[in-house]
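Participant: Requesting a structural model of the entry that follows:
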Amino acid sequence: MVDITRMVNVQSTTPINFNYTDKLKNPRWQKRRLEILARDEFMCRKCGRDDKTLSVHHLKYIKGREPWEYSDKYLITYCETCHEYANYINYPDIKTWMIIFQNDFYSRVICFLKLTLRKLTRKIQVW
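Facilitator: Residues are numbered from 1 along each chain as shown. Purely as a prediction, here's the structure:
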């Protein structure tokens, strides 16, 4: 049996048949991810939380570019809540959003409502 994870494109020596999730396991992405997390002081750049799981979010995708090949200006640290909200903003069409998140619609709506409630609570506390 042929291991397709080891296959390479003969012309470019770039691995083929990798999906996006596989690319995020690549050591080059892991190194880049840690650089961005350190730059952002291991806290969410949107809400400032550091007690939740953090993700590095691509602000823009460029066709043909690998996840680790982006400059700092295209990468930002978000907590899991803000990351889910950012993904929702990028895909405001409900049908697209539901497909992307594998029909996990209700948990995403709850995430959005919690984030909105947190923002409102902060505004009330300032008053």
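Participant: pull the helix or strand with minimum mean pLDDT from this protein.
Facilitator: helix 94-100 (a mean of 52; mean pLDDT, DSSP states H and E).
Participant: for this structure, which spans come out with low pLDDT?
Facilitator: When residues are selected by pLDDT under 70, those of the chain lie in 1-18, 88-108, 110-111, 123-127.
Participant: quick one, strands of it?
Facilitator: All strands of the chain, identified by DSSP state E, fall at 54-58, 75-79.
Participant: Can you show me the CA trace of the last one as PDB?
Facilitator: Extracted in PDB, the C-alpha atoms of strand 75-79 (Å, rounded to 0.1, in the frame of the first residue of the first chain):
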ATOM      1  CA  LEU A  75      -2.000  36.600  11.800                       C
ATOM      2  CA  ILE A  76      -3.600  37.400  15.200                       C
ATOM      3  CA  THR A  77      -4.200  35.500  18.400                       C
ATOM      4  CA  TYR A  78      -7.800  34.900  19.500                       C
ATOM      5  CA  CYS A  79      -9.400  32.900  22.300                       C
END
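Participant: What residues of that strand count as buried?
Facilitator: Across strand 75-79, burial judged by 16 or more other CB atoms under 10 Å covers 75-79. Bear in mind the C-beta positions are built from the backbone N, C-alpha and C, glycine included.
Participant: Burial check on residue 32, number of neighbours?
Facilitator: 19 (other CB atoms under 10 Å).
Participant: same thing with residue 31?
Facilitator: Neighbours around residue 31, by other CB under 10 Å: 10.
Participant: I'd assumed residue 68 was in contact with it.
Facilitator: Yes - taking contacts as CB atoms under 8 Å, residue 31 lies within contact range of residue 68: 7.3 Å.
Participant: Tell me the one among the buried residues of strand 75-79 nearest to residue 36.
Facilitator: residue 75 (4.7 Å; CB to CB).
Participant: What residue, apart from its backbone neighbours, is nearest residue 33 spatially?
Facilitator: Nearest in space to residue 33, with sequence neighbours left out and distances taken as CB to CB, 6 or more residues apart in numbering, is residue 56 at 4.8 Å.
Participant: and that neighbour, bridged to which residues?
Facilitator: In this entry, residue 56 is beta-bridged to residue 77, by DSSP bridges.
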